[in-house]
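K.L.:
here is my input; please provide its structure:
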Amino acid sequence: MTEYSEQLLKKPLREGWLNRFQVLALLAITLVAIICQFYLPRLIPNTEFLEIPLLLTIYFGLMRQNQLSALFFGAFVGLAQDSLSHLPLGMYGIAKTLVGYFAASVSMRFDVDNVLVRFTLTFFFFFFHQFFYWMMRRALLGQVVPLDPQKILLQALLNAVVAVPLFMILDRMKLSGS
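P.N.:
You can find the predicted model right below:
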């Protein structure tokens, strides 16, 4: 027998069910986050900087360490977010697809359970997302959108600060389900 088939034989059936349950729970949380992203700034002023769907995309990519599933998850999140925005369908989809893919790629090289690594990667991926989104709006849509690097860096810092406890909560949810 090969090592892979031995792992399949040794893996309990319950683990596969829990894994699917965790993915479904993450999808439900993501849908709630996408809806809240559009309504939260109306209820609580000065929260428009929060990009919770992006943080969930980063978390999924870092924890799954599977580029294909992170790519599809990023596309799902981005297209769901596009459906609620006023911009053409696919702008957030492309940006979040790339973030999910690169987050999964990076997670294979680094210890993503370290809080400092998570903070740094979230900061970087937020900046990457915002820059790539700005670049696509200019190149694909021909819109003249100003780029304010100081504002983006501040928002990246604030999202990274929010991401650390959010990731810890999601880790606890994952551990309690296992």
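K.L.:
ok, the most centrally placed residue in the chain - contacts?
P.N.:
The centroid of the chain falls nearest to residue 57 when counting by CA atoms, centre = their mean (1.3 Å). Applying CB atoms under 8 Å, 6 or more residues apart in numbering to residue 57 gives the contacts 70, 73-74, 77-78, 96, 99-100, 103. Every C-beta, even on glycine, is put in place using the N, C-alpha and C of the backbone.
K.L.:
where along this protein do the strands fall?
P.N.:
Defined through DSSP state E, the strands belonging to the chain form an empty list.
K.L.:
where exactly do the helices run in it?
P.N.:
Along the chain, the stretches classed as helices by DSSP state H are 3-10, 13-43, 52-64, 67-84, 91-107, 115-139, 149-177.
K.L.:
hmm, who's touching the fourth one?
P.N.:
Contact with helix 67-84 is made by 27, 30-31, 34-35, 37-38, 53-54, 56-57, 60-61, 64, 88-101, 103-105, as judged by CB under 8 Å, 6+ apart.
K.L.:
tell me which of the helices of the chain is the most buried.
P.N.:
Using mean count of other CB atoms under 10 Å, the stretch among the helices of the chain with the greatest mean number of neighbours is helix 52-64 (a mean of 25).
K.L.:
quick check: angle from that helix to helix 67-84?
P.N.:
170 degrees (axes from the mean of the first three to the mean of the last three CA atoms, to 10 degrees).
K.L.:
could you measure from residue 150 over to residue 131?
P.N.:
Noted for residue 150: a distance of 13 Å to residue 131, by CB to CB, to the nearest Å.
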